[in-house]
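Visitor: Okay, structure incoming, though there's no sequence with it:
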């Protein structure tokens with residue numbers, strides 16, 4: 001069997017290990033073996049490259065991946081912004097009072113819709129036309145302040 005096939009087999013094995021570990025080390029080593037397979041393929045096609053060139057090329061790709069790509073990829077994987085959906089996305093949003101809001105109830109325009117609302121603080125009273133902030137959502141009622 002040609003050397004490039006063995007390099008590809010090693011690359012697939014390393015990719016499987018990466019799938020099991022998910023630490024982005026074995027995928028870089030797998031990329032190195034694929035590069036070595038490419039060099040071995042050139043050698044099989046008649047280019048005067050030997051095992052040393054395959055080893056150096058594969059190591060170079062793996063080390064560059066580990067040093068340059070892995071830290072960037074890890075940073076992007078770990079620093080994902082929190083995605084708020086549903087009513088959680090409305091907390092902190094601005095609303096406009098459409099009917100007087102107090103501790104018993106009222107109405108606000110929130111995200112283009114009319115919501116039932118009540119004051120978050122028991123003594124809070126907001127007249128029509130007042131801009132308020134949504135502090136909490138309790139079922140279908142916005143608690144504003």
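Guide: Thanks, I have the structure now. Source: prediction; values computed, not measured.
Visitor: And the contacts of the lowest-mean-pLDDT helix or strand in the chain?
Guide: Lowest on mean pLDDT, DSSP states H and E among the helices and strands of the chain sits helix 70-78, with a mean of 89. Contacts to helix 70-78, defined as CB atoms under 8 Å, 6 or more residues apart in numbering, come from residues 24-25, 28. Bear in mind the C-beta positions are built from the backbone N, C-alpha and C, glycine included.
Visitor: can you give me the helices in the chain?
Guide: 3-21, 26-44, 51-64, 70-78 (DSSP state H).
Visitor: Please identify the deepest-packed of those helices.
Guide: Ranked by mean neighbour count, these are led by helix 26-44 with a mean of 21 (mean count of other CB atoms under 10 Å).
Visitor: wait, which of the helices of the chain is closest to residue 128?
Guide: Proximity to residue 128 (CB to CB) singles out helix 70-78 among these, at 46.4 Å.
Visitor: Model confidence score at the spatially closest residue to residue 98 that is not a sequence neighbour, please.
Guide: With CB to CB, 6 or more residues apart in numbering as the criterion, residue 98 has its nearest non-adjacent residue at 4.7 Å, and that residue is residue 107. pLDDT for residue 107: 97.
Visitor: how far away is residue 107 from residue 31?
Guide: For residue 107, the distance to residue 31 equals 59 Å [CB to CB, to the nearest Å].
Visitor: hang on, the earlier thing: closest to residue 144 out of the helices of the chain?
Guide: Among the helices of the chain, helix 70-78 sits nearest to residue 144 (CB to CB), with 35.1 Å.
Visitor: Okay, angle between the closest one and helix 51-64 too, please.
Guide: If you take axes from the mean of the first three to the mean of the last three CA atoms, to 10 degrees, helix 70-78 sits at 40 degrees to helix 51-64.
Visitor: Off-centre distance for helix 70-78?
Guide: Per CA atoms, centre = their mean, to the nearest Å, the displacement of helix 70-78 from the mean C-alpha position of its chain is 10 Å.
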